[in-house]
Every structure is written in C-alpha cells, then in structure tokens.
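Q: Below: sequence and its predicted model.
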Amino acid sequence: MDKYQVLKQYFGYDSFRQGQEKLIDGILSGRDVLGIMPTGSGKSLCFQVPALLLGGITLVISPLISLMKDQVSALNQAGVHAAYLNSSLTASQYYRALAYAREGRYPIIYVAPERLLTEEFLDFALHVRISMIAVDEAHCVSQWGQDFRPSYLKIVEFIQRLPVRPVVSAFTATATREVREDIIDILMLQTPEVVATGYDRPNLYLEVRSPRDKYGALKGYVEQHAGQCGIVYCLTRRLVEEVCQKLIKDGFSVTRYHAGLSDEERRKNQDDFIYDRASIMVATNAFGMGIDKSNVRYVVHYNMPKNLESYFQEIGRAGRDGEPSDCLLLYGGQDVVTNQLFIENNQENEALDPQARGLIMERDRERLKKMTFYCFTNECLRDYILRYFGEYGSNYCGHCSNCLSQFEETDVTEIARGIVACVESCRQRYGATVILDTVHGANTVKLRNYRMNENPSYGSLAQTPVYRLRQVMNYLMLKEYLTVTNDEFAIVKLTEKSREILDGEKPVMMKLAREQERTGKGAGEKGTGEKSAGTKKGRRSVGGADFSPREESLFEKLRLLRMETAREEKVPPYIVFSDKTLTHMCIVKPRTRAEMLSVTGVGEYKYEKYGERFLACISQALKEQPGEETETVKKG
C-alpha cells in the first residue's frame with residue numbers, strides 16, 4: 001500500500017492538500033520535519049499517513065486530552081487502530097492500553113508529555129520499535145510562544161533515552177520566526193524539512209465591530225446564524241456566566257466552559273457541544289485547544305484577546321471542514337485594560353528569573369498593542385494578520401468587513417499635528433486619555449491637577465468629535481508617528497517620525513468609512529459596511545453556488561441520519577461524516593457504491609460502516625422530490 005492508497009482507503013480523499021505531500025515524503029525518507037500549517041489545513045494527516053506506512057509505532061505527543069480523544073475516535077471510525085495514554089484513563093485502563101500496545105495492536109498512540117519519563121511508559125518505550133515521534137502543538141516548547149508548557153521540555157530527554165532515534169516531526173498552526181527557530185533548536189531537529197503553507201484561511205470571513213451594546217450585537221448575530229454551531233469567547237469567567245445566562249433566557253441552545261467549573265461539568269458541557277446537543281459554547285480561552293469539531297460555523301470574540309497568536313488559533317476553530325465560516329470580534333476599550341491586568345498578574349512565569357520574566361512581560365505588552373491595532377485598522381484585516389506572521393499580500397482580500405466597507409481617503413493632518421504637538425508640549429508625560437481630553441478642552445479634575453488646562457494645546461481641537469480624535473490617535477500609533485510605553489502607565493511618546501508631522505513635511509491621509517461620516521457613531525465605533533460575503537443565513541453553497549431548495553432538504557435529511565448514526569455509535573456527528581462530506585453528497589447525489597466513494601471524506605472503511613444507509617437516504621429523498629439531475633465535479 002502506498003501513501004495515495006492509505007489516503008483514499010482510510011481517509012476518503014483522492015489527493016493531498018498544499019504542503020501535506022512534501023511533509024509526508026520527508027518523513028517516509030527518514031528526515032525530521034517541521035510543518036507550520038493553519039488550523040483546518042490537515043496537519044494530522046501529515047503524521048497519520050506515514051504512521052501507517054512506516055511500521056512500528058508512531059507516538060503523537062499532545063498536551064490536549066480532548067484532541068487525543070477526538071483524533072483517536074476519528075481514526076478508529078476510519079478503520080485505524082489507535083489509542084491514547086493520559087490522565088483521563090483509570091490505572092487499569094492505562095495498563096491494559098500499554099499491554100495492547102506492546103502486542104503491536106496500535107500503529108498510532110497519543111501520549112501526554114507528562115507521561116514520557118514515567119517509569120511505566122519508559123519501560124514500554126524501551127522495548128518496542130518507535131518509528132516516529134510526532135510533536136503536535138509544537139509551539140508549546142518555546143518560552144516565546146503564546147502557550148509555553150514546561151512539560152514539552154521533557155520530549156528531548158525522552159528521545160535521547162530511546163535505543164534508536166526515530167524520525168521526529170513537529171507541527172503547529174502559529175509560529176513567528178523566533179518561535180520557529182526555537183522549535184528546531186529545542187527539539188534538536190536534524191536538518192529538518194520545513195514546510196510553511198501560509199496562515200491564510202480563505203473560507204473565514206473576518207469582521208471587527210465596536211458596538212455600544214455588546215450583548216445586543218451578539219444576540220442579533222446568533223439569531224442570524226440560527227441552527228448553526230458557534231463559539232463565543234469571553235475574557236473572564238464572570239462574563240461567560242453572564243452572557244450564557246442571557247442567551248439561555250433569550251431561548252438559545254447554549255452551554256458554558258471555564259476553569260471555575262468542576263471537571264465533571266466541564267466534561268459534560270464540552271460533550272454537549274461536540275455531540276450537537278448544544279449549538280453555542282460560551283467559554284474562556286480555556287476551551288477549544290484540540291477540539292476537532294468540523295462544523296463550527298462561527299466564532300465570536302465578545303472581548304479582544306491578548307494577542308494575535310491566540311486570536312488566530314481561536315478563530316481557527318471555525319470552518320475546519322473548509323466551508324464558509326464567520327469570525328466576529330466585538331471590541332471595547334475595557335478589553336485593553338482587562339488584558340493589561342492579566343499581563344501584570346500572570347502567575348505562569350513565576351518560576352523564571354526576574355530578568356526573563358520582565359522580558360516576557362514586555363513581549364506580552366507589545367503583542368497586546370499589535371492586537372489592539374488590529375481592532376483599529378481600516379486596512380484589510382486578513383492582510384494585517386498575515387503581515388504579523390511575516391507574510392505579505394495585496395492588502396485587499398475582498399472577504400473581511402474592512403474590504404467590504406466603503407472607505408474614502410480623508411486629510412487628518414491638522415488633527416494629527418494638534419495631537420502630536422500636545423504630546424511634545426507636555427514633555428511626553430501622559431497617556432492617551434489625558435492627551436485627547438486636553439486637545440478637546442475637557443474640564444476634568446485630572447486635567448486641572450496636571451495643569452494641562454494651561455497647556456498651549458488645550459482646546460486646540462475642541463470642534464473635532466472625541467471619537468474622531470481617538471481614531472486619529474490610534475492611526476498615529478499604528479503608523480508609528482507615536483508610540484506607547486510598555487508598562488502599566490502606557491505613556492504616549494514621540495518617535496523619529498513625529499517630526500514629519502510637526503514640521504508639516506507631508507499630509508496625513510487616513511481611510512475612513514463613509515457611514516461614520518453619515519451616522520456619527522460613538523467613540524471608537526467602527527462602521528462595518530454592507531456584508532456581501534461570509535456564510536449566508538439559511539443557505540449552503542459550494543464553489544460560490546447556492547444550494548437549491550431540493551439540495552437544502554436533502555442536506556437536512558442527511559444531517560438527521562448522521563445524528564441518529566452518531567448516537568448509535570456514541571461518537572460526535574462530525575466523526576461519522578463532516579458537513580463538507582454531506583454537502584458533497586448533496587451535490588454528487590450518489591446512487592452506487594462507486595459514486596459514494598467518489599465523495600470527499602468517504603473511504604472504504606466508512607463506506608462499509610455507513611455507506612448503504614446514506615445511499616438509501618439519498619435514494620428515498622430523490623424519490624420524494626424528483627428533479628433534474630446535474631453534472632457535478634468532485635472537489636478534493
């Protein structure tokens with residue numbers, strides 16, 4: 001059996017996606033590899049396919065119990081014997097799994113990094129043939145990554161204690177250049193094949209809003225996505241409880257997840273979401289890492305997250321099946337303050353020396369600043385993210401709220417000059433609020449105490465609305481005409497470019513949405529324009545073509561059959577077939593075994609288990625709603 005046969009028989013695909021084949025070939029040739037691929041791009045296949053060809057055992061090291069369970073369930077459903085070893089197993093289950101592994105029953109075993117150097121696991125590992133170590137979520141090995149886990153530092157010691165060094169493969173969705181270098185160095189990858197497929201997820205629609213009423217905006221949004229699965233992220237446990245209760249009161253199918261719940265309740269709530277018993281999960285960032293649920297159609301951030309790495313990882317939980325999905329961020333000024341408090345009170349780095357701790361805190365503040373700029377920018381949102389990770393595009397994706405808004409170039413030179421002049425005249429001693437209140441001529445106790453009401457810039461921009469002053473201030477920071485100190489006081493400072501504005505060397509032009517001019521939205525509120533892309537309420541589409549009513553009806557029948565089958569099998573519905581597979585069934589409308597096997601995601605093993613039931617459902621639906629058949633082309 002070769003890699004193509006494995007791909008088709010077990011996973012139901014005819015061809016590899018971008019980057020997969022190069023990584024697989026590297027592993028099969030005996031080379032170490034590093035794959036940097038966005039969530040949903042098929043990283044797991046890069047080690048699962050060679051694991052079935054190498055012989056011996058592939059150990060997949062993952063920090064995530066939920067991911068292990070999901071991937072092992074999916075592999076078993078595909079006809080691949082796999083197991084996981086982590087703290088969710090009882091002692092008897094753990095030793096039984098190890099015994100089966102010694103007998104060679106499992107070509108793929110998932111293991112938590114904390115288990116690697118335990119006496120029982122080492123004894124097992126030293127007496128079997130380990131052909132590959134696959135390190136998932138590899139950014140966790142780097143102190144400069146957004147999710148450093150000290151347990152990952154045990155991986156190298158474990159590899160060094162093996163009698164024969166296996167191939168080592170590492171995979172992550174988020175890695176800046178520094179983190180990428182750290183992964184290679186710390187894991188001691190030997191002349192690795194490095195494949196970075198890019199960070200773009202074209203199926204995700206990106207949007208930022210700054211509503212006065214966040215809950216009202218959220219309620220309206222989930223109403224527009226009725227019947228779809230979504231995740232709502234909140235910064236604090238209190239907000240999770242508050243938002244969840246409001247949604248329940250308003251009649252939505254909701255559950256919640258945060259670290260303040262008991263292990264049993266978290267597990268139950270997570271299962272309710274994964275098994276489609278609850279449509280919406282309201283959670284802190286404690287939820288989602290390793291969740292392989294493929295039919296999440298939207299991710300809403302009720303608050304701005306602390307950095308773009310976290311944001312990119314969290315929105316990556318939408319549209320894992322490649323179907324159109326939405327990502328909405330509801331920004332509010334308090335989000336910055338809350339995240340600053342989290343940075344100041346971070347307990348995770350207490351074991352580090354003061355100098356290292358200070359460097360990490362400074363790095364976290366800089367990341368927060370870049371995340372905040374994302375919420376302010378009027379440029380392409382997708383391009384902003386790609387540039388952060390070192391990729392450069394056209395600054396127009398046509399699939400984000402900024403690209404679909406109508407902007408016009410506006411001369412803000414006088415406003416910019418007034419703001420920068422105030423920063424200079426107060427000798428760079430105050431934060432943004434004091435500067436803006438000064439130029440606007442506010443009459444506050446703080447300004448009088450600071451004697452800023454005597455500053456030459458006091459009231460110089462009194463006729464300019466506060467929201468416009470803040471927009472221009474944000475723009476000046478984004479374009480580095482001004483900067484802010486990385487400390488708790490966030491003092492506004494001049495830069496080398498400030499003089500260009502003070503000396504009037506060139507005009508300052510800024511893109512502003514026309515609807516802001518027309519409606520005069522409140523301070524900091526972004527106009528979103530008319531959304532013409534993203535998911536369509538109540539309609540599914542393939543290749544840009546909407547489903548016909550007949551195909552919509554067939555999809556719902558297949559979805560009900562999938563739910564019934566999943567209950568019988570006691571697995572999540574997407575483990576049976578993904579939404580993408582059901583969508584292709586509606587397009588192909590297979591009548592025979594061969595036609596069903598042409599549907600993406602239907603392999604031979606799954607056909608034997610489920611194929612006849614789904615063929616019968618399709619046949620019955622077509623009899624009930626006869627119509628003209630159309631020629632279709634399978635998408636790989």
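A: Ah, there it is. What you see is a predicted model; the values in this text were computed from it and never measured.
Q: just the strands in the stretch 51-200 of the chain please.
A: 57-61, 82-85, 108-111, 130-135, 167-172, 193-196 (DSSP state E, counting those that start in this stretch).
Q: Residue most distant from the centroid, the chain?
A: Going by Cα atoms, centre = their mean, the residue of the chain most distant from its centre is residue 454, 48.4 Å out.
Q: Does anything pack onto the longest helix anywhere in the chain? Which helices or strands?
A: In the chain, taking DSSP state H as the definition, the longest helix is helix 354-376. The contact analysis (3 or more Cβ pairs under 8 Å, 6 or more residues apart in numbering; DSSP states H and E) places helix 354-376 against helix 308-315, helix 333-344, helix 381-388, helix 466-478. C-beta coordinates here come from the backbone N, C-alpha and C atoms, glycine included.
Q: Next, format those as JSON lines and append distance to residue 202, mean pLDDT and mean neighbour count.
A: Formatted as JSON lines, the helices and strands packed on helix 354-376 follow (distance: least, Cβ to Cβ, whole Å; pLDDT from 0 to 100; neighbours: other Cβ atoms under 10 Å):
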{"stretch": "helix 308-315", "distance to residue 202": "13", "mean pLDDT": "91", "mean neighbour count": "22"}
{"stretch": "helix 333-344", "distance to residue 202": "27", "mean pLDDT": "87", "mean neighbour count": "16"}
{"stretch": "helix 381-388", "distance to residue 202": "9", "mean pLDDT": "92", "mean neighbour count": "21"}
{"stretch": "helix 466-478", "distance to residue 202": "25", "mean pLDDT": "89", "mean neighbour count": "21"}
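Q: For those helices, give me TSV that also has distance to residue 225.
A: Formatted as TSV, those follow (distance: least, Cβ to Cβ, whole Å):
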stretch	distance to residue 225
helix 308-315	15
helix 333-344	23
helix 381-388	19
helix 466-478	29
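Q: Now do stretch 215-235: distance from first to last residue.
A: One end of stretch 215-235 to the other measures 14 Å (Cα to Cα, to the nearest Å).
Q: Buried residues, it. List them.
A: For stretch 215-235, the neighbour count (16 or more other Cβ atoms under 10 Å) marks 217-219, 221-222, 225, 228-235 as buried.
Q: Among these, name the ones in helices.
A: 217, 218, 219, 221, 222.
Q: between these, which is nearest residue 73?
A: Distance to residue 73, by Cβ to Cβ, is smallest for residue 222 among those, at 28.1 Å.
Q: ok, the closest one - contacts?
A: Going by Cβ atoms under 8 Å, 6 or more residues apart in numbering, residue 222 touches 230, 232, 247, 252, 280, 300.
Q: Alpha carbons only: can I get stretch 128-143 in PDB?
A: Provided in PDB are the C-alpha atoms of stretch 128-143 (Å, rounded to 0.1, in the frame of the first residue of the first chain):
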ATOM      1  CA  VAL A 128       9.100  -1.600  21.300                       C
ATOM      2  CA  ARG A 129      10.000  -0.200  17.900                       C
ATOM      3  CA  ILE A 130       9.200   3.500  17.800                       C
ATOM      4  CA  SER A 131       9.400   4.700  14.200                       C
ATOM      5  CA  MET A 132       8.300   8.300  14.600                       C
ATOM      6  CA  ILE A 133       7.700  10.900  17.300                       C
ATOM      7  CA  ALA A 134       5.100  13.500  16.200                       C
ATOM      8  CA  VAL A 135       5.100  16.600  18.300                       C
ATOM      9  CA  ASP A 136       1.700  18.300  17.900                       C
ATOM     10  CA  GLU A 137       1.200  22.000  19.100                       C
ATOM     11  CA  ALA A 138       5.000  22.300  18.800                       C
ATOM     12  CA  HIS A 139       5.000  26.000  19.700                       C
ATOM     13  CA  CYS A 140       4.400  24.900  23.300                       C
ATOM     14  CA  VAL A 141       8.100  24.100  23.600                       C
ATOM     15  CA  SER A 142       9.100  27.800  23.200                       C
ATOM     16  CA  GLN A 143       9.100  30.300  26.100                       C
END
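Q: A strand includes residue 492, no?
A: Yes. Residue state for residue 492 (DSSP: H, G, I helix; E, B strand; the rest coil) corresponds to a strand.
Q: what's near enough to touch it?
A: 423, 428, 430, 431, 432, 435, 482, 483, 484.
Q: With residue 185 instead?
A: For residue 185, the contact set (Cβ under 8 Å, 6+ apart) is empty.
Q: if we can go back for a sec, wait, which of the strands of the stretch 51-200 of the chain is closest to residue 332?
A: Here strand 167-172 is closest among the strands of the stretch 51-200 of the chain (Cβ to Cβ), at 30.5 Å.
Q: how close does residue 86 sit to residue 247?
A: Between residue 86 and residue 247 the computed distance is 32 Å (Cβ to Cβ, to the nearest Å).
Q: In terms of neighbours, single out the busier of those two.
A: The neighbour count for residue 86 versus residue 247, taken as other Cβ atoms under 10 Å, is higher for residue 247 (21 against 18).
Q: How about the secondary structure of that one?
A: Relying on three-state DSSP, one would call residue 247 helix.
Q: isn't it right up against residue 278?
A: No. At 10.5 Å, residue 247 does not count as touching residue 278 under the criterion of Cβ atoms under 8 Å.
Q: How about residue 565, nearest residue that isn't a chain neighbour?
A: residue 576 (5.2 Å; Cβ to Cβ, 6 or more residues apart in numbering).
Q: so residue 128 touches residue 57, yeah?
A: Yes. Counting by Cβ under 8 Å, residue 128 touches residue 57, with 5.8 Å between them.
Q: list residues touching both of the two?
A: 101, 104.
Q: Looking at these two, which has the bigger crowd around it?
A: residue 57 (23 against 17).
Q: Just give the closest residue to the more buried one, not the sequence neighbours.
A: Using Cβ to Cβ, 6+ apart, the closest residue to residue 57 is residue 130 (5.3 Å).
Q: ok now do the one you found, which residues does it touch?
A: 56, 57, 58, 59, 162, 164, 166.
Q: do residue 385 as well
A: 199, 206, 308, 312, 374.
Q: go again using 7 Å as the cut-off
A: Residues counted as contacts of residue 385 (Cβ atoms under 7 Å, 6 or more residues apart in numbering) are 199, 308, 312.
Q: Next up, the contacts around residue 120.
A: Neighbouring residues of residue 120 by Cβ under 7 Å, 6+ apart: residue 98.
Q: right, I mislabeled it, should have said residue 228
A: Listed by Cβ under 7 Å, 6+ apart, the contact partners of residue 228 are 279, 297, 298.
Q: Alright, I will stop here.
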